[in-house]
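Participant: Fold the following.
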Amino acid sequence: MPDQPPGTPRRLLAGFWNGVDATRRFVVNAIFLLIVLLIVVLWLAGGGARTKLQSDTALVVAVRGNVVEEYTGSAREAELAESLGGEARETQLRDLLAVIDAAAKDGRIVRMVLILDDMGQAGMAKLRELARAIERFKAAGKQVVAWSSSMDQKRYFLAAHASEAYVHPMGAVALAGFGGYRNYYRDALQRLGVTINVFRAGKFKSFVEPFVANGPSPEAAEAEAYWLQDAWIGYTREVEAARHLPEGTIERLIDDAPGRLAAAGGDLAQLALQAKLIDGLKTRDELRALMIERGKPDPENKTFRQIGLEQYRAELTESGDRGRQVGIIVAAGTISDGNQPQGSIGGHSTSDLIRKAREDDAVKALVLRVDSGGGSSFGSELIRRELELTRKAGKPVIVSMSDTAASGGYWIATAADRIYADPASLTGSIGVFSLLPTVDHSLDKIGIHTGGSTTTWLAGEPDPRRPIDPRLASIFQAATEHIYREFLARVAAARHSTPEKIDEVAQGRVWTGAQARDRGLVDELGGLEAAVQAAAAVAKLEPGYRISYLESEPKGWARIIAALPGALSRRMAADLGGRILAEGPPLFAGVANDLAWLATAAQATAVPQTFAHCLCAAP
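Facilitator: Modelled structure (predicted):
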């Protein structure tokens with residue numbers, strides 16, 4: 001074989017690499033041009049055009065996914081995810097309220113059809129906000145018809161406020177009460193050789209109990225039963241009033257369920273109809289026929305004249321004086337340190353939003369909408385401090401509690417001028433804890449041992465591979481009790497009380513909003529609208545001010561999508577659709593969430609990480 005000229009392999013490799021680089025640039029440029037072409041085609045096809053709304057139109061509000069205060073990620077990301085996933089995972093409460101209230105004043109909209117089949121989770125505070133909007137729509141002289149194939153308690157709460165409520169003939173209205181069960185891991189952890197070292201302040205601080213017990217403590221059971229009963233009474237009385245049923249109807253229906261269902265021949269839908277929970281049984285096509293009969297037909301689409309939630313939302317335009325705003329910042333999710341994406345709370349990221357609002361001359365007052373069971377006590381303090389500085393700068397701060405504003409969620413509320421809560425908001429839980437799992441027994445079982453040298457007893461501590469030193473345990477407990485005293489002091493200052501008096505209603509105990517008001521922990525019972533009005537009044541704003549949600553700037557692909565006109569970006573997201581679905585069984589999801597907390601706690605340093613979290617969920 002003849003010798004190759006010197007440098008031939010290098011030239012071949014260089015040629016190959018240049019070919020790869022040219023191919024890469026071609027592919028990237030081609031994708032970019034396709035995206036640009038798609039945008040142009042969609043725009044020319046009417047992506048930016050607005051729907052011509054006719055008279056005698058029905059607004060169809062199909063609530064899809066969980067009802068949330070803000071999307072997990074930006075609104076544009078949610079729209080894209082909806083298309084790629086084939087169905088909405090979340091619907092923003094603010095969008096539902098804006099659409100319903102605008103439609104109530106729109107003479108072209110004559111009725112609302114509320115479709116609840118695909119509605120996911122929503123706590124009582126959010127449901128009450130929606131119920132009030134439905135009532136405002138009805139007060140405008142317009143009809144609301146609610147339908148679902150079946151209704152759980154959350155869907156039925158909204159349906160009960162409608163003018164008429166229907167379910168499928170093979171459906172049901174499932175009313176069972178509030179409460180449930182959780183997993184307890186003490187025996188399992190002991191079998192695995194895992195020791196959970198707990199440091200807490202507050203006898204009702206039950207977050208740690210699943211890791212150190214096989215069931216709830218008497219204190220935790222007492223506290224939970226107390227607020228659950230109050231929330232359930234509120235639910236049943238409001239539903240019975242909305243449906244014009246005698247007080248106690250729902251309780252008697254549940255008590256007598258076996259006998260009454262047998263009398264209805266085992267037909268759950270008939271049972272709901274006989275109990276007057278609903279007005280009739282209809283399939284979806286029968287509902288469509290009823291709406292065609294009552295309204296104007298749409299022959300082209302073989303249905304009734306209608307406009308959907310997203311279409312109508314695209315019709316809405318901002319109004320109000322751009323120079324005078326009540327800014328709303330949503331604090332939803334677990335409170336963590338550092339920067340966190342939208343849909344969660346970061347000590348730094350949420351503080352940055354508050355600081356921007358403070359420095360924005362157009363924002364005259366701030367409403368913090370809290371929907372959080374808490375989290376990091378340090379992250380909570382960073383947010384509380386920024387709110388305190390905002391007040392000192394002369395801008396009113398009003399807190400509006402959503403489904404949950406407890407523990408760390410209550411900590412950040414202590415900087416407000418006034419606190420508004422829904423009667424069923426979960427709040428309080430004024431207490432803190434630290435967890436330190438150690439796995440020395442687990443390692444012993446598989447023959448792994450540790451050893452080494454240190455200059456002091458504290459060096460290398462804490463180490464989850466070794467049993468905790470009693471001296472370190474005393475440090476952790478002292479630090480936890482110190483944070484609790486700080487918590488009490490902040491609440492006492494905010495509520496014009498003393499730490500001793502606050503301690504009587506603290507101890508980590510959870511209250512409903514109504515119970516918290518009776519104990520001086522909140523100022524008023526009311527929703528977001530009442531909080532906004534209070535903020536405007538304190539800021540002495542005249543009518544005509546604008547309400548503006550202040551959110552983090554989108555990044556990456558979301559930033560590109562967000563830059564497009566709203567209707568076009570929604571259409572673009574829809575046209576990129578596919579179907580991706582991945583959800584695990586609730587049983588294992590619950591275990592995964594619980595163990596994730598242990599993993600977080602295991603990352604403790606020489607300075608213990610204290611948490612202010614209630615481990616509570618809105619009913």
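Participant: And stretch 468-478, what's buried?
Facilitator: Neighbour-count burial for stretch 468-478, with 16 or more other Cβ atoms under 10 Å as criterion, is recorded at Ile468, Leu472, Ala473, Ile475, Phe476, Gln477. The way it works is simple: take the backbone N, C-alpha and C, and place the C-beta from them, glycine included.
Participant: I'd like those residues laid out as a markdown table, including secondary structure and distance to Gly171.
Facilitator: Formatted as a markdown table, these follow (DSSP: H, G, I helix; E, B strand; the rest coil; distance: Cβ to Cβ, whole Å):
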| residue | secondary structure | distance to Gly171 |
| --- | --- | --- |
| Ile468 | coil | 54 |
| Leu472 | helix | 58 |
| Ala473 | helix | 55 |
| Ile475 | helix | 58 |
| Phe476 | helix | 53 |
| Gln477 | helix | 53 |
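Participant: Could you work out the most separated pair of these?
Facilitator: Within these, two members stand farthest from each other by Cβ to Cβ: Ile468 and Gln477, at 11.0 Å.
Participant: picking that back up, looking at the buried residues of stretch 468-478, which is nearest Glu70?
Facilitator: Of all these, the one sitting nearest Glu70 is Phe476; the distance, using Cβ to Cβ, is 35.0 Å.
Participant: Just to check, that closest one is in contact with Ala201?
Facilitator: No. With contact defined as Cβ atoms under 8 Å, Phe476 and Ala201 do not form a contacting pair (11.4 Å).
Participant: so what's the residue positioned nearest the centre of the chain bridging to?
Facilitator: Centroid-nearest residue in the chain: Val68, 4.4 Å away (criterion: Cα atoms, centre = their mean). Applying DSSP bridges to Val68 gives these bridge partners: Gln92.
Participant: for Ile109, same thing?
Facilitator: Partner residues in beta bridges with Ile109, using DSSP bridges, are Thr57.
Participant: what stretches of the protein score poorly on pLDDT?
Facilitator: In the predicted model, the chain carries pLDDT under 70 at residues 1-22, 24-30, 32-51, 74-88, 318-322, 553-592, 594-608.
Participant: What count of nearby residues applies to Ile250?
Facilitator: When counting by other Cβ atoms under 10 Å, one arrives at 22 neighbours for Ile250.
Participant: What helix or strand is it located in?
Facilitator: Per DSSP states H and E: Ile250 is located in helix 249-255.
Participant: That helix: which residues count as buried?
Facilitator: Of the residues in helix 249-255, those scored as buried under the neighbour-count criterion (16+ other Cβ under 10 Å) are Thr249, Ile250, Leu253.
Participant: was I right about the first one contacting Gln274?
Facilitator: Same thing as Thr249. No. Counting by Cβ under 8 Å, Thr249 stays clear of Gln274, with 11.8 Å between them.
Participant: domains for the protein, by residue range?
Facilitator: The domain map for the chain lists 57-173+278-315, 322-452+461-550+588-613, with the assignment taken from automatic domain parsing.
Participant: quick one: which of the buried residues of helix 249-255 is nearest to Leu488?
Facilitator: Compare each of the buried residues of helix 249-255 with Leu488 using Cβ to Cβ and the shortest gap goes to Ile250, at 39.0 Å.
Participant: Just give the nearest non-adjacent residue to that closest one, would you?
Facilitator: If the residues on either side of it in the chain are set aside, Ile250 comes closest to Thr236, at 4.5 Å by Cβ to Cβ, 6 or more residues apart in numbering.
Participant: Give me the secondary structure label for the one you found.
Facilitator: State at Thr236, reduced to three classes by DSSP: H, G, I helix; E, B strand; the rest coil: helix.
Participant: With Tyr484 instead?
Facilitator: Secondary structure assignment for Tyr484 (three-state DSSP): helix.
Participant: Columns distance to Thr498 on top of the buried residues of helix 249-255, output as JSON lines?
Facilitator: Rendered in JSON lines, the data for those read as follows (distance: Cβ to Cβ, whole Å):
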{"residue": "Thr249", "distance to Thr498": "44"}
{"residue": "Ile250", "distance to Thr498": "41"}
{"residue": "Leu253", "distance to Thr498": "46"}
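Participant: out of these, who's nearest Glu293?
Facilitator: Taking Cβ to Cβ as the measure, Thr249 is the one of the buried residues of helix 249-255 closest to Glu293, at 30.8 Å.
Participant: Okay, and the residue nearest to the closest one when sequence neighbours are not counted sits in which element?
Facilitator: For Thr249, ignoring the flanking residues on the chain, the nearest one in space by Cβ to Cβ, 6+ apart is Glu240 at 5.5 Å. Using DSSP H and E, the secondary-structure element containing Glu240 is helix 218-242.
Participant: now swap in Tyr410 and tell me
Facilitator: Assigning secondary structure by DSSP H and E places Tyr410 in helix 408-411.
Participant: Mind giving me the packing neighbours of the next helix-or-strand element following that helix?
Facilitator: Counting by DSSP H and E, the element after helix 408-411 in chain order, helix or strand, is strand 418-421. Using 3 or more Cβ pairs under 8 Å, 6 or more residues apart in numbering; DSSP states H and E as the contact criterion, the neighbours of strand 418-421 among helices and strands are strand 397-406, helix 513-518, strand 524-525, helix 528-538.
Participant: partners of strand 418-421 in the sheet?
Facilitator: Sheet neighbours of strand 418-421, with direction, are listed as strand 397-406 (parallel), strand 524-525 (parallel) (DSSP bridges).
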